[in-house]
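A.B. asks: Let's see this in three dimensions:
(2 chains)
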Amino acid sequence: MKDKEPLFSSKNLKLLTNPLNDDNPITVQVLGICSALAITVKLEPAIVMTLSVLVVLAVSNVVISLLRNLIPPRIRIIVQLTVIASMVILVDQFLKAFAYDVSKQLSVFVGLIITNCIIMGRLEAFALSNKPWASFLDGVGNSAGYGLILIIVAFFRELLGSGELMGFPVLEKIGIYNIGYEDNGMMILPPMALMVVGIIIWVQRGRNRKLIEDK
Amino acid sequence: MKSFSNTYIFVFSTVMVILVAAILSTAAMVLQPLQQKNIEVEKKRKILGSIHVESTSDNAETLYDQYILESYVVNTSGDPVDGVDAFGVNLKDELTKPADERYLPVFVGSLDDGSKEFVLPVRGVGLWGPIFGYVSLENDFNTIFGTNFDHDGETPGLGAEITTDWFQDQFVGKKIFNENGEFVSVEVSKKKADPNNPNQVDGIGGSTLTSKGLEYMLHDCLVLYEAYFQKQLN
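C.D. replies: Modelled structure (predicted):
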């Protein structure tokens, strides 16, 4: 097995790092926007959501990749959905048993991971035609890219909207309220998540030449 | 693309479905006792929370045994109902029954200073789903001692604010009867509440429906206990 690819070859590393910037599922592919709006009001649910998506996507990617030669193409979407749905139910059950408080915070959004387009997208576009290890890295990379944006958005929304980070009253401690500052209630509303995502896209496109389309 | 026969597809999907069903039901059965335990502990924490006893998932059961003296069930005429475990009563099911058949749980708590509190469960509808909680009354059956509200899916930062301290602290010391002794519950006001009005608190800006839902919840659930309050006072 001389020509065996090393586990972290540059090609494999690309799978991990590309979705963070060049191929970001949210800002470049504009997938998974719905959950990015819904659970980014506070930082903590955003982080747990990221981890849940990471587990679901990495495992589903590996499962589909292992089965890729056995799955009949005519029912592949149904198979993918079954795998995703089972994973989501498992994650939900585990959260309820071992991290009850967090599972309550995320409430319906864990279940809604099923409808997250990023997951179906990766299974269909990547796992069905690649080996398990590469699929695993792709899954981790894409959920990290998704989570990165989620966490950035949640950071600004929680800080500017409620003046807290992870529930800790940062702005109150600094004493900024004493000089007349007030929380921006608008940040809590869903449209502002879209605005923040828009600003991130703008900044990213301004800095990353690869993303600038030819006229 | 490889082609598969119809038989293969049928066999494949059957095996897949059976496998998935087996995995999921095993997981559900194995994890169920843990989840059930979590739900019970949470219920105890909420009951304790409504009488201002802070608890964690680890010490909730000890504290519950320490501070909750007894619990019993009454009916809407205020008479005790024997043979029903108050902790096991699910208010959601009770509220679907005809009013005179409902079991109404009462948890009697006592703090270190010897005061007696009566904890009553409440349940209603918010904007997106159910809201619920516990209200504790002082032994005049009029003054609110504390509350503990929770929800299933209200918007974080808006309706979900009903679980926060600033919102719930407003209820402490409010009265559910007005000066003439009529049951009025507590109004969750859309406008700035009058601080001198013992039957009014501030609502949450931007979540009128959750605020109103909470107001109806308090009224509709506490009014069921009115006969019980009268009997206790006489």
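A.B. asks: residues in chain B within reach of chain A, list them.
C.D. replies: Within reach of chain A by CB under 8 Å from any CB of the partner chain, chain B has these residues: B:1-2, B:4, B:8-9, B:12-13, B:16-17, B:20, B:23-24, B:27-28, B:31, B:34-35, B:38, B:42, B:57, B:152-153, B:155-158, B:205-206. Backbone N, C-alpha and C define where each C-beta goes, glycine included.
A.B. asks: you'd agree residue B:207 is up against residue B:151?
C.D. replies: No - counting by CB atoms under 8 Å, residue B:207 does not reach residue B:151; the two are 10.7 Å apart.
A.B. asks: tell me which parts of chain A are close to chain B?
C.D. replies: A:39, A:41-42, A:45, A:69-75, A:78-79, A:82, A:86, A:89-90, A:93-94, A:96-98, A:100-101, A:107-108, A:161-162, A:185, A:188-189.
A.B. asks: Residue B:187 - how many residues pack around it?
C.D. replies: The local packing of residue B:187 (other CB atoms under 10 Å in any protein chain shown) involves 19 other residues.
A.B. asks: Tell me the buried residues within the residues of chain A next to chain B.
C.D. replies: A:39, A:41-42, A:45, A:71-72, A:75, A:79, A:82, A:86, A:89-90, A:93-94, A:96-97, A:100, A:107, A:161-162, A:188-189 (16 or more other CB atoms under 10 Å in any protein chain shown).
A.B. asks: okay, which residue is most central for the chain?
C.D. replies: In the absence of a named chain, chain A is used. residue A:146 (2.8 Å; CA atoms, centre = their mean).
A.B. asks: meant chain B actually
C.D. replies: Mean-position check on chain B, CA atoms, centre = their mean. Result residue B:133 at 2.3 Å.
A.B. asks: For that residue, list each beta-bridge partner.
C.D. replies: Note on residue B:133: beta-bridge partners residue B:122, residue B:149, judged by DSSP bridges.
A.B. asks: got a pLDDT number for the closest residue to residue B:130 other than its chain neighbours?
C.D. replies: Of all residues not flanking residue B:130 in the chain, residue B:152 sits nearest, at 5.3 Å (CB to CB, 6 or more residues apart in numbering or on different chains). On the pLDDT scale, residue B:152 is placed at 81.
A.B. asks: Would you check how far apart residue B:92 and chain A are?
C.D. replies: Look at residue B:92 and chain A: by CB to the nearest CB, to the nearest Å, they are 17 Å apart.
A.B. asks: go on, residue B:46?
C.D. replies: Distance from residue B:46 to chain A, by CB to the nearest CB: 12 Å.
A.B. asks: State the pLDDT value of residue 2.
C.D. replies: All of this is about chain A. Reported pLDDT for residue A:2: 48.
A.B. asks: nope, chain B please
C.D. replies: For residue B:2, pLDDT reads 66.
A.B. asks: Report the contact partners of residue 211.
C.D. replies: You didn't say which chain, so I picked chain A. Neighbouring residues of residue A:211 by CB atoms under 8 Å, 6 or more residues apart in numbering or on different chains: A:22, A:28, A:204-205.
A.B. asks: oops, chain B please
C.D. replies: Contacts of residue B:211 (CB under 8 Å, 6+ apart): B:162, B:188, B:190, B:203-204.
A.B. asks: Enumerate the positions of the strand or helix carrying it that are buried.
C.D. replies: Taking DSSP states H and E as the definition, one finds residue B:211 inside helix B:208-222. For helix B:208-222, the neighbour count (16+ other CB under 10 Å) marks B:210-215, B:217-219, B:221-222 as buried.
A.B. asks: nearest to chain A, of the residues you listed?
C.D. replies: residue B:210 (13.7 Å; CB to the nearest CB).
A.B. asks: From the contact counts, what lies against the strand or helix carrying residue A:151?
C.D. replies: Using DSSP H and E, residue A:151 maps to helix A:132-162. Here helix A:132-162 touches helix A:10-17, helix A:33-38, helix A:43-66, helix A:117-125, helix A:190-207, going by 3 or more CB pairs under 8 Å, 6 or more residues apart in numbering or on different chains; DSSP states H and E.
A.B. asks: Of all the ones you listed, which one comes closest to residue B:177?
C.D. replies: helix A:43-66 (39.6 Å; CB to CB).
A.B. asks: tell me the average confidence for the closest one?
C.D. replies: On average, helix A:43-66 scores 90.
A.B. asks: Next, the buried residues of it.
C.D. replies: A:43-50, A:52-65.
A.B. asks: Next: stretch A:181-194.
C.D. replies: So for stretch A:181-194, counting by 16+ other CB under 10 Å, buried means A:183, A:187-189, A:192-193.
A.B. asks: where does the closest residue in space to residue A:177 that isn't next to it in sequence fall, helix, sheet strand or coil?
C.D. replies: Distances taken as CB to CB, 6+ apart place residue A:171 nearest to residue A:177, at 6.7 Å, with adjacent residues excluded. When classified by DSSP: H, G, I helix; E, B strand; the rest coil, residue A:171 comes out as helix.
A.B. asks: Output the below-cut-off pLDDT ranges for the chain.
C.D. replies: Here I'm looking at chain A. Applying pLDDT under 70 to chain A flags residues A:1-5, A:107, A:214-215.
A.B. asks: Switch to chain B, please.
C.D. replies: Across chain B (using pLDDT under 70), the flagged ranges come out as B:1-2.
A.B. asks: if you set the cut-off to 50 instead, what comes out?
C.D. replies: Chain B contains no residues with pLDDT under 50.
A.B. asks: And the helices in it?
C.D. replies: Secondary structure of chain B (DSSP state H): helices located at B:6-50, B:60-67, B:91-94, B:165-169, B:208-222, B:226-233.
A.B. asks: Return the most buried member of those.
C.D. replies: Sort the helices of chain B by mean neighbour count, taking mean count of other CB atoms under 10 Å in any protein chain shown, and helix B:208-222 sits at the top with a mean of 21.
A.B. asks: could you give the angle of that one to helix B:226-233?
C.D. replies: Per axes from the mean of the first three to the mean of the last three CA atoms, to 10 degrees, the angle that helix B:208-222 makes with helix B:226-233 is 50 degrees.
A.B. asks: how far out from the middle of the chain is helix B:208-222?
C.D. replies: 12 Å (CA atoms, centre = their mean, to the nearest Å).
A.B. asks: Equivalent analysis for stretch B:5-20, please.
C.D. replies: Centroid displacement of stretch B:5-20 relative to its chain, using CA atoms, centre = their mean, is 45 Å.
A.B. asks: Just the CA trace of that stretch, in PDB.
C.D. replies: Taking Å, rounded to 0.1, in the frame of the first residue of the first chain, the C-alpha atoms of stretch B:5-20 are listed here in PDB:
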ATOM      1  CA  SER B   5     -33.600  -4.400 -10.100                       C
ATOM      2  CA  ASN B   6     -37.000  -3.600  -8.500                       C
ATOM      3  CA  THR B   7     -36.600  -6.600  -6.200                       C
ATOM      4  CA  TYR B   8     -33.200  -5.200  -5.000                       C
ATOM      5  CA  ILE B   9     -34.800  -1.900  -4.300                       C
ATOM      6  CA  PHE B  10     -37.600  -3.500  -2.300                       C
ATOM      7  CA  VAL B  11     -35.300  -5.600  -0.300                       C
ATOM      8  CA  PHE B  12     -32.900  -2.700   0.300                       C
ATOM      9  CA  SER B  13     -35.600  -0.400   1.600                       C
ATOM     10  CA  THR B  14     -37.200  -3.200   3.800                       C
ATOM     11  CA  VAL B  15     -33.900  -4.000   5.400                       C
ATOM     12  CA  MET B  16     -33.100  -0.300   5.900                       C
ATOM     13  CA  VAL B  17     -36.400   0.500   7.500                       C
ATOM     14  CA  ILE B  18     -36.200  -2.500   9.800                       C
ATOM     15  CA  LEU B  19     -32.700  -1.700  10.800                       C
ATOM     16  CA  VAL B  20     -33.400   2.000  11.400                       C
END
